[in-house]
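# Starting from these lines, generate the structure:
(one chain, ligands or ions: 1)
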Amino acid sequence: MAKRDNIINATGGGVVVRGQNISRLKQNGLVVWLTASVDTLLQRIGEDEGRPSLTGKTHREDMEITLAERQPLYQKAADITIDTENKTPQAVAELIAKVKICCLIGDPVEHSLSPPIHNAAYKALGLNFAYITRRASDIEPAIADIRTNGFRGASVTTPHKVSALKYLDRIDPTARKIGAVNTIVNDNGVLIGYNTDGTGAIKALEETTNPGGKKVVLIGAGGAALAIAAALKEKNVNLIILNRTGAKAKELAKKVGAEDYGSLDKLELVAKSDILINATTVGMTESGETIVPQAFLHKRLTVFDIVYNPKETRLITEAREKGCPIVYGHKMLLYQAAQQFQLFTGHPAPLELMESVLVKALGGG
Ligand code: NAP
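Numbers count the residues shown, from 1 in each chain. Prediction:
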């Protein structure tokens, strides 16, 4: 059922007991928790003697015990919660219809940190918004869904950041320059694409150093490196792009106008640079790998690892040992999400709250 579109699935209350049910429902939809007091629930059931008791006790006791057990699970599962006390089904339906929905489009999306960050921010500001995930292997129908469902916006992630472009009505100049979007805003039916990855990275970097005029070694030539390279060039840095596959470093350098490029055998350039950015996947998971030998790190070098999981990558640990100023990958994630939040809602993002949710989700303090 969870895979089908345009249906309302009125689940039994026990659906939350099995976590797998909720992840299935969340893969493609909005989970709404309708609440009411036990008195109201009993009234609604009426004299239904055929209703089985889960605990072998009276309906009231049965309901109180079961609700107490399930309350935390409902809370965790719900994208939005609506108090149905003294409301007609029509009134409840209207409240659900008024929620402005934003979604994450990608494949996979299950482990994304975006839903907890955005939803916590909506809640903190009392906004009638909800953020859900839409797992999509094909971008075209996923974008068509934004229009037909009247979603307010979407975050776009791997593998759709480039392919999404051709289905949008307008592209913001920064996203156009990068050739990729990570954000879509639905402005009364007009879909506008933005890219907040590069600007998020610059904001994270600027917390520690001003990149203007500095010598920067950027390692990587994938999607994230592309957005960061374009944003760095706007800051007039002296940019060197290095990548395992040298040809891709060259291609990216030509595209953004970088000063130098090469494969990883030019890593010694790090020793004479001001800023080092790792924009590769190396360092993810607990494998503890790093590309840059510690000998090239020095204490005037700001080290920014965009890998955010784990928060403490080996590169970050080794940089700290050398006394380098460091920039964590989760800061980029935070600032790109904050900018998305503002584009979706028109409100400045509650940064501190979003960061604490993010750091907690990453298992850190
Ligand atoms: P991508 O497009 O797949 O690019 C991967 C890059 O990593 C390529 O340059 C690739 O080099 C390089 N690479 C992979 N394995 C390598 C290895 N063993 N040794 C050396 N280089 C290797 O990925 P992406 O979307 O750019 O993402 C890159 C990383 O950034 C991911 O860890 C992602 O989670 C992170 N990220 C963080 C944020 C944030 O907000 N903090 C945002 C976006 C992405 P080749 O070209 O030679 O294959």
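
# For the closest residue to the ligand within the stretch 101-250 of the chain, grab phi and psi.
Residue of the stretch 101-250 of the chain nearest the ligand, by C-beta to the nearest ligand atom: Gly222 (1.9 Å). Every C-beta, even on glycine, is put in place using the N, C-alpha and C of the backbone. Gly222 adopts backbone torsions of phi -90, psi -160, taken as degrees, to the nearest 10.

# what helix or strand does the residue nearest to Val256 when sequence neighbours are not counted sit in?
With C-beta to C-beta, 6 or more residues apart in numbering as the criterion, Val256 has its nearest non-adjacent residue at 4.5 Å, and that residue is Ala229. Per DSSP states H and E, Ala229 falls inside helix 223-234.

# ok, now Leu67?
Going by DSSP H and E, Leu67 is part of helix 59-77.

# Are there helices or strands packed against the helix or strand just after that helix, and which ones?
Using DSSP H and E, the helix or strand that follows helix 59-77 in sequence is strand 80-83. On a contact count with 3 or more C-beta pairs under 8 Å, 6 or more residues apart in numbering; DSSP states H and E, strand 80-83 meets strand 32-35, helix 89-98.

# Extract the C-alpha trace of strand 80-83 and format it as PDB.
Only the C-alpha atoms of strand 80-83 are listed here, as PDB (Å, rounded to 0.1, in the frame of the first residue of the first chain):
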ATOM      1  CA  ILE A  80       2.200  15.900  11.700                       C
ATOM      2  CA  THR A  81      -0.100  15.600  14.700                       C
ATOM      3  CA  ILE A  82      -3.700  16.800  14.700                       C
ATOM      4  CA  ASP A  83      -5.900  17.000  17.800                       C
END
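
# what's that strand in contact with?
30-36, 75, 92, 95-96, 99, 130 (C-beta atoms under 8 Å, 6 or more residues apart in numbering).

# Filter the residues you listed down to the buried ones, PyMOL style.
This is the PyMOL syntax for the buried subset of the contacts of strand 80-83, where burial follows 16 or more other C-beta atoms under 10 Å:
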select buried, resi 30+31+32+33+34+35+36+95+99+130
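
# Of the contacts of strand 80-83, which is the nearest to the ligand?
For the contacts of strand 80-83, the nearest to the ligand is Ala130 (22.3 Å; C-beta to the nearest ligand atom).

# Report the strands that pair with the helix or strand that contains the closest one, each with its relative direction.
With elements taken from DSSP H and E, the one containing Ala130 is strand 129-135. Using DSSP bridges, the strands paired with strand 129-135 in its sheet are strand 100-106 (parallel).

# Skip ahead from the partner strand and say which helix or strand is next.
Past strand 100-106, the next helix or strand by DSSP H and E is helix 114-124.

# Mind giving me the packing neighbours of that following helix?
Here helix 114-124 touches strand 100-106, strand 129-135, helix 329-345, helix 351-361, going by 3+ C-beta pairs under 8 Å, 6+ apart.

# and the angle for the longest one with helix 223-234?
What that stands for is helix 329-345. Taking axes from the mean of the first three to the mean of the last three C-alpha atoms, to 10 degrees, one finds helix 329-345 and helix 223-234 inclined to each other by 80 degrees.

# What is helix 329-345 packed up against?
Contacts defined by 3+ C-beta pairs under 8 Å, 6+ apart place helix 329-345 against helix 114-124, strand 153-156, strand 183-187, strand 190-194, helix 197-206, helix 351-361.

# Show me which residues of the protein are close to the ligand?
Residues of the chain lying close to the ligand (C-beta under 6 Å from any ligand atom) are 158, 197, 220-225, 243-245, 248, 279-282, 284, 291, 306-308, 329, 332-333, 336.
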